[in-house]
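*Asks:* The sequence and its predicted three-dimensional model are supplied below.
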Amino acid sequence: MKCAVSGREYVVYGYKGKQVRDNIHSHDLVRAFDAFHRWPRPGEVYNMGGSRFSNCSMAEAIVLCERITGRQMNVRHTAENRIGDHIWWIGSVEKFRAHYPEWSLTYDVGRILREIYAACRPA
């Protein structure tokens, strides 16, 4: 989003921008920490991320940023992917949700990007 607002070049490394990631907002993550703090389950290990509720490819994120800002991004693609990068990664929060059923994700990718835009757009 910072590149979308500033006009700086954004470089997409490998996979033609089709790599997918899940995205979690700090608000949702802190709420998860709070739930664990209130009702600890020592020794448990959880995956935390946006799961299937909040995920997108780089190409989709670029389109969302362009829609939100109303301007085309300065994007450059390079065929070389980053070392150790995966083309697709979406974690599951199902174990955490089973242990803490009152918790849920509330921020999807669009809401996250709109909030970032509101915080970084020029006045």
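*Replies:* Arrived safely. Numbers count the residues shown, from 1 in each chain.

*Asks:* Skipping adjacent residues, who's closest to residue 79 in space?
*Replies:* Spatial nearest neighbour of residue 79, chain neighbours left out: residue 14 (6.5 Å); criterion: Cβ to Cβ, 6 or more residues apart in numbering. C-betas here are computed from N, CA, C, even on glycine.

*Asks:* residues near the one you found, how many?
*Replies:* Residues lying near residue 14 (other Cβ atoms under 10 Å) number 16.

*Asks:* Make residue 1 into 58 and carry on from there
*Replies:* Sure, I'll start numbering at 58, so the last one becomes residue 71.

*Asks:* who touches it in this structure?
*Replies:* With contacts defined as Cβ atoms under 8 Å, 6 or more residues apart in numbering, residue 71 is in contact with 135, 136, 137, 138, 139, 142.

*Asks:* Determine which residue lies closest to the centroid of this protein.
*Replies:* Ranked by distance to the mean C-alpha position of the chain (Cα atoms, centre = their mean), the top residue is residue 80 at 2.2 Å.

*Asks:* Right, I'll call it a day here.
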